[in-house]
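Q: Here is my input; please provide its structure:
(2 chains)
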Amino acid sequence: MKKLLFLFAITVLTVNLVSAQGYNVGDKAADFRLKNVDGSYVSMSDYPDAKGFVIVFTCNHCPYAVAYEDRLIELDKEYKQKGYPVIAINPNDPAAQPQDSYELMQVRAREKGFTFPYLFDEGQKVYPVYGATRTPHIYLLNRSGNDLVVAYIGTIDDNYRDESAVEERFLADAIDALLDGRKPEPDFTRAIGCTIKVAN
Amino acid sequence: MKRIISVILLAIIFSASYSQVPELSFEQLEPRLSTTSDSLYVVNFWATWCVPCVKELPEFEKLREVYSDKNVKVLLVSLDNPRHMQTRVLPFIQEHNLKSEIVLLDDPRSNQWIPLVDESWSGAIPATIFFTKNSRSFYEQAFTYKELENIVDSKLQ
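A: A predicted model of the protein is given here:
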């Protein structure tokens, strides 16, 4: 009996540990206050009129992240005015990946003409809360009363390599669903990406 | 002198053997991700641009060498863009003198195939599966040689 209880305790503990690793669709998302490439600090609470947010963990160095830069700018232009602005966050530690330093983020944002904030997750405190594992990694948040609820997790579309060959625009479809008052379907997708870089 | 020439010839043959890396769709790769044989397979997903992948590749090379007589087979699956085959992938293989079997997975619709490799894979690389006909383990992480050895030893028992 004791053994059973112990096993039960271990199981509960393990399940809790797993769920503590980040957000699932339906979870409430926490706000953050991170430094933007222009030197200002950005929080989601700075956007009282937003219906939600496209939070994208991305970076300078990863070819998959780079492949999606232009598409992110287009998505931001299209959906910011509909209430869902893009906020990009670089989760990498520059000590492990020098190309992802704050200074080089500034350079990249300028070169590409990012229309959205590009924030530095200094001390790597935000990405583990969300449970991001790779760049790029998208969390679409939807306002529900005072809360921001995770509505979609995953990738931008189904072809990182060739935008003209895209068949499914997962993220755009998910935002359109929210705008129509529907639940995104699918609400979870996967893609190859670069691991988030942590210094040893 | 003859010996030197044969060594040089062998070197040429070996380096020439990597002038080709097959480009596979996931459909073509999938049969390589399970087995009915008695071998232990180690399949690593990597890319030339992935720093932690590049760092651990020598450990997979060492594993293949050390366990070559124990029926352990290593397959390295590159996720590089096939457009970079001649300019990056093949030069990288030569430069790092990789001897393991290498294929390039040319299939951008990763949302479809990632869960078929492993349901728990978020998509970050490096990622590695170890499988025999009876068991299967998946890891979304980079390895030291010691860690690889521990997993392989436990599977060989």
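Q: Helices of chain A, start to end?
A: Ranges of helices within chain A are A:2-19, A:63-67, A:69-80, A:102-112, A:127-130, A:170-179, based on DSSP state H.
Q: now what about the last one, what contacts it?
A: Right, helix A:170-179. With contact meaning CB atoms under 8 Å, 6 or more residues apart in numbering or on different chains, helix A:170-179 is reached by A:51-52, A:54, A:75, A:78-79, A:82-84, A:138, A:140, A:142, A:151-152, A:154-158, A:183-187, A:189, B:111. Placement of C-beta: from N, CA and C, glycine included.
Q: Which of these fall within strands?
A: Judged by DSSP state E, strands contain the following of the contacts of helix A:170-179: A:52, A:54, A:138, A:140, A:142, A:151, A:152, A:154.
Q: Reformat the residues you listed as JSON lines; add distance to residue A:104.
A: Output for the ones in strands among the contacts of helix A:170-179, formatted as JSON lines (distance: CB to CB, whole Å):
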{"residue": "A:52", "distance to residue A:104": "29"}
{"residue": "A:54", "distance to residue A:104": "23"}
{"residue": "A:138", "distance to residue A:104": "22"}
{"residue": "A:140", "distance to residue A:104": "27"}
{"residue": "A:142", "distance to residue A:104": "32"}
{"residue": "A:151", "distance to residue A:104": "32"}
{"residue": "A:152", "distance to residue A:104": "29"}
{"residue": "A:154", "distance to residue A:104": "27"}
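Q: Now the buried members of those residues.
A: For those, a burial check counting by 16 or more other CB atoms under 10 Å in any protein chain shown picks out A:52, A:54, A:138, A:140, A:142, A:151, A:152, A:154.
Q: What is the neighbour count of the closest residue to chain A within chain B?
A: Nearest residue of chain B to chain A: residue B:124, at 3.8 Å (CB to the nearest CB). Close neighbours of residue B:124, defined as other CB atoms under 10 Å in any protein chain shown, add up to 23.
Q: and chain B, which residues reach chain A?
A: Applying CB under 8 Å from any CB of the partner chain, we find that chain B lies next to chain A at B:47, B:49-52, B:79, B:81, B:108-112, B:114-115, B:121-126, B:140, B:142.
Q: If we use 7 Å, what do you get?
A: Within chain B, the positions adjacent to chain A are B:49-50, B:52, B:79, B:81, B:108-111, B:114-115, B:122-125 by CB under 7 Å from any CB of the partner chain.
Q: got a list of contacts for the helix or strand that contains residue B:61?
A: Taking DSSP states H and E as the criterion, residue B:61 maps to helix B:51-66. Taking contacts as CB atoms under 7 Å, 6 or more residues apart in numbering or on different chains, the residues outside helix B:51-66 that touch it are A:195, B:42, B:44, B:46-48, B:72, B:74, B:76, B:96, B:98-100, B:125-126, B:142-145, B:148, B:152.
Q: okay, it in CSV with CA atoms only?
A: Taking Å, rounded to 0.1, in the frame of the first residue of the first chain, the C-alpha atoms of helix B:51-66 are listed here in CSV:
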residue,chain,number,x,y,z
VAL,B,51,26.2,24.7,-33.4
PRO,B,52,25.4,22.1,-30.7
CYS,B,53,24.8,19.5,-33.5
VAL,B,54,28.2,20.2,-35.0
LYS,B,55,29.8,20.0,-31.6
GLU,B,56,28.4,16.5,-30.9
LEU,B,57,29.0,15.0,-34.3
PRO,B,58,32.5,13.7,-33.4
GLU,B,59,30.9,11.8,-30.5
PHE,B,60,28.6,10.0,-33.0
GLU,B,61,31.7,9.2,-35.2
LYS,B,62,33.5,7.8,-32.2
LEU,B,63,30.5,5.8,-31.2
ARG,B,64,30.3,4.2,-34.6
GLU,B,65,34.0,3.4,-34.5
VAL,B,66,34.1,2.0,-31.0
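Q: From the chain's centroid, how far away is that helix?
A: Its chain's C-alpha centre and that of helix B:51-66 lie 9 Å apart, by CA atoms, centre = their mean, to the nearest Å.
Q: Could you pick out the buried ones from the residues of chain B next to chain A?
A: If we count by 16+ other CB under 10 Å, the residues of chain B next to chain A have these buried: B:49-50, B:52, B:79, B:81, B:108-111, B:114, B:122-125.
Q: What is the neighbour count of the nearest residue to the residue of chain B closest to chain A once chain neighbours are set aside?
A: In space, and not counting its chain neighbours, residue B:124 is closest to residue A:134: 3.8 Å by CB to CB, 6 or more residues apart in numbering or on different chains. The number of residues packed near residue A:134 is 25, by other CB under 10 Å.
Q: Would you state the strands of chain B in chain order?
A: B:23-24, B:40-46, B:72-78, B:101-105, B:124-125, B:127-131, B:136-139.
Q: I'd like the ones you listed laid out as TSV, including distance to residue A:71 and mean pLDDT.
A: Shown next, in TSV, are the strands of chain B (distance: least, CB to CB, whole Å; pLDDT from 0 to 100):
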stretch	distance to residue A:71	mean pLDDT
strand B:23-24	25	97
strand B:40-46	24	98
strand B:72-78	24	97
strand B:101-105	22	98
strand B:124-125	20	96
strand B:127-131	25	98
strand B:136-139	30	97
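Q: so where's the chain uncertain?
A: Reading this off chain A. A:1-20 (pLDDT under 70).
Q: Chain B is the one I meant
A: Checking chain B against pLDDT under 70 turns up B:1-19.
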